[in-house]
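Student: Kindly return the folded structure for what I paste below:
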Amino acid sequence: MAKKYTLKKLVKTGSLEPFVDEARFSINYKEELNKTQFEAASAIKGSYLVIAGAGTGKTRTLVYRVSRLIEMGYDPKSILLLTFTRKAAREMMNRATELLDNRCSKINGGTFHSFANMTLRRYAKAIGLNPNFTILDQGDSEDLINLIRGKMDVAKLKKRFPNKKTILKVISLSVNTSRPVNNIIADDYPHFIEQTDKVLEIKIRYEKYKESNSLLDYDDLLLYLLKLLTSKGDVANHFLSSINFIMVDEYQDTNKLQADIVKALATFNSNVMVVGDDSQSIYSFRGADFKNIMNFPILFKDTKLIKLEENYRSTKEILNLANYLLEFAVEKYPKELFTNISDGELPAIISASNDNMQSRFIVERILELREEGLPIGDIAVLFRSAYHSFNLEVELNKASIPFVKIGGLKFIETAHIKDALAFVRIAMNTKDLISWYRILLLHEGIGPKRAQLIMEEIEKINFQSFNFANLKSEKLFAKVIPLFNLINSLQNDRNKLPYDKLVLIYTYYDSIFEAKYDDFNKRRKDLEALNNIASNYDNTTTFLADMVLEPPRDSSNNMDAEDKDDEQLIISTIHSAKGLEWHSVFIMHAIDGFFPSSQSFDKQATIEEERRLMYVAVTRAKRNLFISYPTNVFDRYNGYTIAMPSRFIANIPETLADEWIIEEDN
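Tutor: This next block holds a predicted model:
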């Protein structure tokens, strides 16, 4: 009797892969995917690192791989797809279902945290965890820490102590990066270094309280999942053996804990495909580790590297600039984005004399694009930090251009900006009791009750004729004599320019500001931005009126019914714009010290992340790209100083970008 033979293809990973007859599939995968997309989608056994450049169709590739594995006969429940947002998970599963059939909806898909929650509910007892645990959200965790903090009576230390938000951030960062708490405090909060032991004590009490009350915070979900996966018991072995294929989207955004989970998931079946772009690793402040994607081939031996480089989003001219940025990256997977989209224009690099002129140029160009037939919703303005847009927001409101701001708080919603503006409002109207209440509560020793009593007396005072020397003997006013002197000084010169008023206010407010906000160094730039805006006004009433214009909405989903047809410009931090795209993109404030941030200058790793951030910004544009910068910027200590263009755009060859200088018409 003749023997039957089965041909198996030897792949580069060294594993044996069965020959697959493409003709038997309901989908023509070779026809619908490009060469490298098909290579990734048709991968079966082994470990794969798919480096997917911006706009190269990574989601499409993952969707087609899911579909193809199911068409090959693999159990959908044995396929695990991990993402970073529920939206991404739903989108992939829905697209796979539409592509093939309902079997695709049965795969294990979701975020790391949702997958952890689902798994722990089923197998918690195997690691001594109550399966009916309660999950704490961030607010719950902060309140618990505040409860512990209060019981420790930190006030008796007679020294400044971090607030609940700061403590939770330190603890969470330690868990997700495997960095000791004392190192994080030393690096990020050196002004609290003397309080390290107390923070560690709070951490211990926090962990014990959660454990004794079956409480898990977001980080605990991942910690307990890893504990389960590495427990090596029968339950863990049974669960791990049921996972045949592991896929991870946006792998460059994983932290140390998540990378450990991926490794543990592959204990039995090391069929792992991670998809991401090392050049879009920009979330180190959340604990994401750039080294995860770079070291993946070390973590998983015989990894095959697949690169997706054909871009379906941007013109050749935009991609040439993006490729130029990556040429200077120190550590990377080399790639060259290319496209079949032609007839594009060179990106424009525009220098303006100051921040306000930069904003006015952007507004005018947006209006021109709209007149050319481009909907405002197809335009975005991107910036490195949320405060960079404050001047622009004022100009957009003046031009009646509706916009949505993504990332960071709106200008007048940040607490310290509200504080500063409250001083200005009182200077213009001493009967503004709402502003008085806010300012009074900033002062140590003044609570709501005393503030109310002081305001009752303020209503009786005429600041322009009152003799403040009479207040010194009254105990009620002891804490606020310097404040009254400030307001009196501002009242005596009502014609003082808004900028000059703020300079005087900051002199008084600075010590309060540093005492109130743990992250005052970061917030200080917001105050400088407010001063910069104020310098464009010669009338305080007009300045305040512009500051209280209706603020932009948080998201387009929050639009009122009557506004649904309105066009809305997107203005966004670059971090919040990742994954999005627009026909025309403006990148503003591209100057050294702003972008890259001055806080990144000390380390090569942080400068490199800033470079990747610029790459992300550039690759959001489909057809038009404008990069602008002011040549003069305001510094609260030195006034206006000369600014240098960002090192990422300085000396760009003229074949890659057109450079323009804005000259104001007389």
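Student: hey, where'd the strands end up in the stretch 551-666 of the chain?
Tutor: Counting by DSSP state E, counting those that start in this stretch, the stretch 551-666 of the chain has strands at residues 569-573, 582-587, 621-630, 632-635, 639-642, 658-661.
Student: Save those strands as CSV, and put in mean pLDDT and distance to Asp289 too.
Tutor: For the C-beta atoms, the positions are set from N, CA and C on the backbone; glycine is no exception. Below are the strands of the stretch 551-666 of the chain laid out as CSV (pLDDT from 0 to 100; distance: least, Cβ to Cβ, whole Å):
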stretch, mean pLDDT, distance to Asp289
strand 569-573, 94, 21
strand 582-587, 97, 26
strand 621-630, 96, 28
strand 632-635, 77, 33
strand 639-642, 78, 36
strand 658-661, 93, 37
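Student: From the centroid of this structure, which residue is nearest?
Tutor: Most central residue of the chain, judged by C-alpha distance to the mean C-alpha position with Cα atoms, centre = their mean, is His575 at 4.2 Å.
Student: isn't it right up against Ile282?
Tutor: Yes - because the distance of 6.2 Å satisfies Cβ atoms under 8 Å, His575 is recorded as touching Ile282.
Student: picking up where we left off before, mind pulling up the pLDDT for the residue nearest to the centre of the chain?
Tutor: Predicted confidence (pLDDT) at His575: the value is 92.
Student: Relative to Ile135, how far out is it?
Tutor: Between His575 and Ile135 the distance is 26 Å, computed by Cβ to Cβ, to the nearest Å.
Student: what mean pLDDT does the longest helix that the chain contains have?
Tutor: Longest helix in the chain by number of residues (criterion: DSSP state H): helix 498-516. Across helix 498-516, pLDDT averages out at 87.
Student: if we look at the helix or strand just after it, which residues are touching it?
Tutor: For helix 498-516, the following helix or strand on the C-terminal side (DSSP states H and E) is helix 520-534. Contacting residues not belonging to helix 520-534 are listed as 355-356, 385, 387-388, 390-391, 394, 414, 416-417, 420-421, 497-499, 501-503, 506, 513-514, 517, 543, 633-636 [Cβ atoms under 8 Å, 6 or more residues apart in numbering].
Student: For helix 520-534, list the C-alpha coordinates in PDB.
Tutor: Coordinates of each C-alpha in helix 520-534 appear next as PDB, following Å, rounded to 0.1, in the frame of the first residue of the first chain:
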ATOM      1  CA  PHE A 520       4.000  73.900  39.800                       C
ATOM      2  CA  ASN A 521       7.000  73.700  37.400                       C
ATOM      3  CA  LYS A 522       4.800  72.400  34.600                       C
ATOM      4  CA  ARG A 523       1.900  74.700  35.400                       C
ATOM      5  CA  ARG A 524       4.200  77.800  35.400                       C
ATOM      6  CA  LYS A 525       4.400  77.700  31.600                       C
ATOM      7  CA  ASP A 526       0.600  78.200  31.500                       C
ATOM      8  CA  LEU A 527       0.900  81.400  33.400                       C
ATOM      9  CA  GLU A 528       3.600  82.600  31.000                       C
ATOM     10  CA  ALA A 529       1.300  81.800  28.100                       C
ATOM     11  CA  LEU A 530      -1.500  83.900  29.800                       C
ATOM     12  CA  ASN A 531       1.000  86.800  30.000                       C
ATOM     13  CA  ASN A 532       1.900  86.300  26.400                       C
ATOM     14  CA  ILE A 533      -1.700  86.600  25.400                       C
ATOM     15  CA  ALA A 534      -2.300  89.600  27.700                       C
END
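Student: May I see the buried residues of it?
Tutor: For helix 520-534, a neighbour-count test (16 or more other Cβ atoms under 10 Å) marks Arg523, Arg524, Lys525, Asp526, Leu527, Glu528, Ala529, Leu530, Asn531, Asn532, Ile533, Ala534 as buried.
Student: next one: stretch 344-356
Tutor: Neighbour counts using 16+ other Cβ under 10 Å place Gly344, Leu346, Pro347, Ala348, Ile349, Ile350, Ser351, Ala352, Asn354, Asp355, Asn356 of stretch 344-356 among the buried residues.
Student: can you tell me the average pLDDT over it?
Tutor: Here the average pLDDT along stretch 344-356 is 93.
Student: How far off centre is it?
Tutor: Using Cα atoms, centre = their mean, to the nearest Å, the mean C-alpha position of stretch 344-356 is found 25 Å from that of the whole chain.
Student: Span of that stretch from start to end?
Tutor: Distance between the boundary residues of stretch 344-356 (Cα to Cα, to the nearest Å) amounts to 29 Å.
Student: The chain should start at 43 in everything you say after this.
Tutor: I'll keep to 43 as the first residue from here, and by that count the last item is stretch 386-398.
Student: Just the ones of the buried residues of stretch 386-398 in strands?
Tutor: The strands, defined by DSSP state E, take in Ala390, Ile391, Ile392, Ser393, Ala394 from those.
Student: For the stretch 343-492 of the chain, which segments are assigned as helices?
Tutor: Using DSSP state H, counting those that start in this stretch, the helices of the stretch 343-492 of the chain run over residues 358-369, 397-413, 432-440, 457-470, 475-483, 490-500.
Student: can I get these in JSON lines with distance to Phe643?
Tutor: Conversion of the helices of the stretch 343-492 of the chain to JSON lines gives the following (distance: least, Cβ to Cβ, whole Å):
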{"stretch": "helix 358-369", "distance to Phe643": "18"}
{"stretch": "helix 397-413", "distance to Phe643": "21"}
{"stretch": "helix 432-440", "distance to Phe643": "23"}
{"stretch": "helix 457-470", "distance to Phe643": "24"}
{"stretch": "helix 475-483", "distance to Phe643": "36"}
{"stretch": "helix 490-500", "distance to Phe643": "43"}
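Student: and Ile69, which of those is closest to it?
Tutor: helix 358-369 (29.1 Å; Cβ to Cβ).
Student: mind listing what's buried in that closest one?
Tutor: Those buried within helix 358-369 under the rule 16+ other Cβ under 10 Å are Glu359, Ile360, Leu361, Asn362, Leu363, Ala364, Asn365, Tyr366, Leu367, Leu368.
Student: ok, the second one touching Ala659?
Tutor: Put plainly, it is Ile360. No - counting by Cβ under 8 Å, Ile360 stays clear of Ala659, with 11.1 Å between them.
Student: what's the neighbour count on the nearest residue to Tyr106 once chain neighbours are set aside?
Tutor: By the measure of Cβ to Cβ, 6 or more residues apart in numbering, the closest residue to Tyr106 outside its immediate chain neighbours is Ala83, 4.2 Å from it. Using other Cβ atoms under 10 Å, Ala83 has 25 other residues around it.
Student: swap in the one 5 residues further on?
Tutor: Other residues near Gly88 come to 20 when the count uses other Cβ under 10 Å.
Student: looking at it, it is touching Asn313, isn't it?
Tutor: Yes - taking Cβ under 8 Å as the definition, Gly88 is a contact partner of Asn313 at 6.5 Å.
Student: shared neighbours, the two?
Tutor: In terms of Cβ under 8 Å, 6+ apart, Gly88 and Asn313 are not both contacted by any residue.
Student: Pro695: neighbouring residues, count only.
Tutor: Pro695: 9 neighbours (other Cβ under 10 Å).
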